[in-house]
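Asker: build me a model from this:
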Amino acid sequence: MKAIFSSICLLFLVHTLPAQDGWLYWKYKDYDGMALTVPSWVVEAGSWFLPEKQERKLLRKVDKVRFMLF
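Answerer: Numbering: from 1, shown residues only. This is a model prediction of the structure:
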């Protein structure tokens, strides 16, 4: 029973964590290569081309996307 409860707690904890920490972008931003930030309005405009309504809603929750090319 403790293992199941621990697994469920861990699942909810991991679910709330972001994909990458914010410091990662700022640490490598000035390295050789390119660092691009795509604003939320571009992501929302891309959601117009998705066929399903649920996919559009999910994509509109994205604030911004950062790319780093080395």
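Asker: since we're on Y25, how many residues are nearby?
Answerer: By the measure other Cβ atoms under 10 Å, the count of residues near Y25 is 14. For the C-beta atoms, the positions are set from N, CA and C on the backbone; glycine is no exception.
Asker: quick one: the helices in the chain?
Answerer: Taking DSSP state H as the criterion, the chain contains helices spanning 2-15, 22-28, 40-47, 53-59.
Asker: TSV please, covering these and showing distance to F67 and mean pLDDT.
Answerer: Output for the helices of the chain, formatted as TSV (distance: least, Cβ to Cβ, whole Å; pLDDT from 0 to 100):
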stretch	distance to F67	mean pLDDT
helix 2-15	24	68
helix 22-28	10	72
helix 40-47	12	82
helix 53-59	16	82
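Asker: tell me which of these sits nearest to L69.
Answerer: Nearest of the helices of the chain to L69, taken as Cβ to Cβ: helix 22-28 at 10.7 Å.
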